[in-house]
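Visitor: Got a sequence here, can you build the structure:
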Amino acid sequence: MTSPNPLKTEILAAARLAAPVAFVQLGSMLMGVVDTIMLGHLSAQALAAGALGHIATIVFLMTGAGILTALDPLVAQAHGAGDSRAISAHLQRGIVLALALAVPLAFVFWDIRELLRLLGQPAAVLDDAAAYVRATLWGAPAFFLFFAFRQPLQAVHVVRPAAVAMVIGNLVNVVGNWILIFGHLGAPALGPAGSAYATSFSRWTMLFYLVYASRRTLARYLPGWHGFTSEAVSVRRHLRLLRIGLPIGALNAIELGLFVGVALLMGRMGVEALGGHQIAINLAALSFMVPLGISGAAAARVGNAIGREDMPGARRSAAACLLLGMGVMVLFALLYGLLPVPLARLYTSDTAVIAMAATLLPIAAVFQVLDGAQVVAAGVLRGAADTTFPAVMAILGFWGIGFPSSWYLGFRAGWGPAGLWWGFTAGLAAVALLYGLRIFLRFRGNIARETG
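Guide: Numbers count the residues shown, from 1 in each chain. Below you'll find the predicted structure:
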């Protein structure tokens, strides 16, 4: 009888874990897709305002989410070692940190009109963009708390409650958009701000469902969790959590900051260019959620293996997840390369915006595989609690290569919007290569568990 192939077995195991995690990530992104489609059918101006409002807040939201993602390796390794008390302590600190992260966001972003004006954005959309941001802030605490609960559950391979919460959240978001953007059922027509209010309400709905649905699961899989103890506010332990989490948050900020920077450069090229960019980047971000989910599975599988001192298993998990992520993105690359115009028409009927999006989507087809490789590699390194090196390499790749290339090709070389996109594609290639080299070198030896 032929023995099963260990790598194939690991790929199947990683896929089983990654599928619901990727589903949650896709569900999260689907909210943005719905917002973009509905605003696109309202007007090109509403689409541009929503795009500016979104990019103004997403970097900071995802930076906070990245900090909370430090729970991935800590809980995964503790789970692999069978240390339930450590899992409980990590969860408590995650909840406290989530609430703390929401406070500065509100103060910084309550009115961003002047900032957008200084950055040279179209005057016609500034008020709507600022209103969108203010409406988004009401959902920020729920956004962070959802991560604080989801990451420990994901690290112990419990993902169903988050997946169901995402389905419910998306349904609420669709209905909320329909009512608040267009003013149905007697509600005021709030345009871009209505879209953001719907998303904020959806995030609170998701959080409440996740906590309710997980109450027994938490007791079963996290038996050390009995409520808050002194561990929740231990300064020393929080500093160790931040030592891992801040580089992950910085990595998110560095990568998303590149896309925000390119979007701001695109805004200087006009409303149609910004609208087309928003459609293309929205589609690319949607497909990115699949390898992002695989990245979460990679952190869990690699972390579990390191926790039980199984380095061959950690290496197999790393290889399986990388193959899985890149393979999925090849399929999305074919889709964007072959059907750019039909995909753009899903979002808007504005011919100028469709033409711009159709120009950019074939470029998205090129960077899809690179983007999938780098985000899964980051998850592999995160599972090993290796977070500082990726942040440093991201600065080099995204800002040392990607952004300067975008600016030069878009403006100095005269390639326009396509040049901006080719520039950050070069940055993605550099980061993927550097991460791959780091994994090759780091995983040749043994990796000790991070006790946090």
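
Visitor: Near Arg243, how many other residues are there?
Guide: 15 (other Cβ atoms under 10 Å). Heads up, the C-betas are built off the backbone N, CA and C, glycines and all.

Visitor: got it, and the one 4 residues further on?
Guide: Counted by other Cβ under 10 Å, the residues lying close to Pro247 total 23.

Visitor: likewise Pro188?
Guide: Pro188 has 10 nearby residues by other Cβ under 10 Å.

Visitor: Over to Leu171?
Guide: 12.

Visitor: any idea how far Ala198 is from it?
Guide: 11 Å (Cβ to Cβ, to the nearest Å).

Visitor: same thing with Ile306?
Guide: For Ile306, the distance to Ala198 - Cβ to Cβ - is 41 Å.

Visitor: try Val328
Guide: Separation of Val328 from Ala198 (Cβ to Cβ): 30 Å.

Visitor: So those two - more neighbours on which side?
Guide: A side-by-side neighbour count of Val328 and Ala198, using other Cβ under 10 Å, places Ala198 first with 27 against 22.

Visitor: Tell me who's in contact with that one.
Guide: Contacts for Ala198 (Cβ atoms under 8 Å, 6 or more residues apart in numbering) come out as 35, 172-173, 175-177, 179-181.

Visitor: 10 Å - rerun?
Guide: 31, 34-35, 38, 135, 139, 172-181, 190 (Cβ atoms under 10 Å, 6 or more residues apart in numbering).

Visitor: and if you look at Ile55?
Guide: By Cβ under 10 Å, 6+ apart, the residues touching Ile55 are 129, 133, 256-257, 259-264, 266-267, 274, 278, 281.

Visitor: at 8 Å instead, please
Guide: Contacts of Ile55 by Cβ under 8 Å, 6+ apart are 259-260, 263-264.

Visitor: most centrally placed residue in this protein?
Guide: Computing the C-alpha centroid of the chain and ranking residues by Cα atoms, centre = their mean puts Met62 first, at 6.3 Å.

Visitor: Model confidence for it, exactly?
Guide: Predicted confidence (pLDDT) for Met62: 77.

Visitor: Okay, the residue lying closest to it once chain neighbours are set aside and Arg382: tell me how far apart.
Guide: Nearest non-adjacent residue to Met62, counting by Cβ to Cβ, 6 or more residues apart in numbering: Asn252, 4.4 Å away. Asn252 is 11 Å from Arg382, where distance means Cβ to Cβ.

Visitor: The two: which is more packed in?
Guide: More neighbours surround Arg382 than the other of Asn252 and Arg382, with 28 against 24 (other Cβ under 10 Å).

Visitor: buried set for the helix or strand encompassing the more buried one?
Guide: Using DSSP states H and E, Arg382 falls within helix 351-383. The neighbour-count check on helix 351-383 (16 or more other Cβ atoms under 10 Å) flags 353-354, 356-383 as buried.

Visitor: Next secondary structure element downstream of that helix?
Guide: Following helix 351-383 in sequence, per DSSP H and E, is helix 388-394.

Visitor: and the next element down the chain from that next one?
Guide: Counting by DSSP H and E, what follows helix 388-394 is helix 403-407.

Visitor: name the helices or strands packed onto that next one?
Guide: helix 235-267, helix 417-442 (3 or more Cβ pairs under 8 Å, 6 or more residues apart in numbering; DSSP states H and E).

Visitor: what sits against the residue nearest to Met62?
Guide: 59, 62-63, 65-66 are the contacts of Asn252 under Cβ under 8 Å, 6+ apart.

Visitor: again, but for His277
Guide: 51, 262-263, 266, 356-357, 360, 417, 420.

Visitor: how about low-confidence regions in the stretch 1-150 of the chain?
Guide: 1-4, 41, 72-73, 79-83, 113-125 (pLDDT under 70).

Visitor: where along it do the helices fall?
Guide: Secondary structure of the stretch 1-150 of the chain (DSSP state H, counting those that start in this stretch): helices at 6-42, 44-68, 71-80, 84-109, 113-118, 126-137, 140-155.

Visitor: For Trp407, which of those is the nearest?
Guide: helix 44-68 (16.9 Å; Cβ to Cβ).

Visitor: what angle do the closest one and helix 126-137 make?
Guide: Relative orientation of helix 44-68 versus helix 126-137 (axes from the mean of the first three to the mean of the last three Cα atoms, to 10 degrees): 30 degrees.

Visitor: Test my guess that Gln368 contacts Phe332.
Guide: Yes: in this structure, Gln368 is within contact of Phe332 by Cβ atoms under 8 Å, at 5.1 Å.

Visitor: Overlap of the contact sets of these two?
Guide: In contact with both Gln368 and Phe332: Ser287, using Cβ under 8 Å, 6+ apart.

Visitor: can you list residues touching both of Asn252 and Arg382?
Guide: Counting by Cβ under 8 Å, 6+ apart, nothing touches both Asn252 and Arg382.

Visitor: Gly383 reaches Ala76, doesn't it?
Guide: Yes: with contact defined as Cβ under 8 Å, Gly383 counts as touching Ala76 (6.4 Å).

Visitor: what sits in contact with each of the two?
Guide: Residues touching both Gly383 and Ala76 (Cβ under 8 Å, 6+ apart): 299-300, 302-303.

Visitor: Going through those, which ones are buried?
Guide: 299-300, 302-303.

Visitor: and which of those residues is nearest Leu323?
Guide: Val302 (14.2 Å).

Visitor: Grab the nearest non-local neighbour of that closest one.
Guide: Gly383 (2.9 Å).

Visitor: What of Ile95?
Guide: Using Cβ to Cβ, 6+ apart, the nearest residue to Ile95 is Ala148, at 5.0 Å.

Visitor: Gly293 now?
Guide: Ala22 (2.6 Å).

Visitor: who touches the one you found in this structure?
Guide: 289-294.

Visitor: rewinding a little: for Gly245, which of the helices of the stretch 1-150 of the chain is the nearest?
Guide: helix 44-68 (3.8 Å).

Visitor: Give me the below-cutoff pLDDT ranges for the stretch 301-450 of the chain.
Guide: Ranges of the stretch 301-450 of the chain meeting pLDDT under 70: 448-450.

Visitor: Hmm, Val290 and Gln25 touching each other?
Guide: Yes: Gln25 lies in contact with Val290 (Cβ under 8 Å); the separation is 7.3 Å.

Visitor: so what's the residue lying closest to Leu17 once chain neighbours are set aside up against?
Guide: Excluding its sequence neighbours, the residue lying closest to Leu17 (Cβ to Cβ, 6+ apart) is Ala297, at 4.3 Å. Neighbouring residues of Ala297 by Cβ under 8 Å, 6+ apart: 14, 17-18, 21, 321, 379.

Visitor: Columns distance to Ile95 on top of the residues you listed, output as TSV?
Guide: Listed next are these as TSV, based on distance: Cβ to Cβ, whole Å:
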residue	distance to Ile95
Ala14	28
Leu17	24
Ala18	26
Val21	21
Cys321	28
Gly379	23
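
Visitor: Name the nearest of those residues relative to Val108.
Guide: Of these, the one sitting nearest to Val108 (Cβ to Cβ) turns out to be Gly379, at 28.8 Å.
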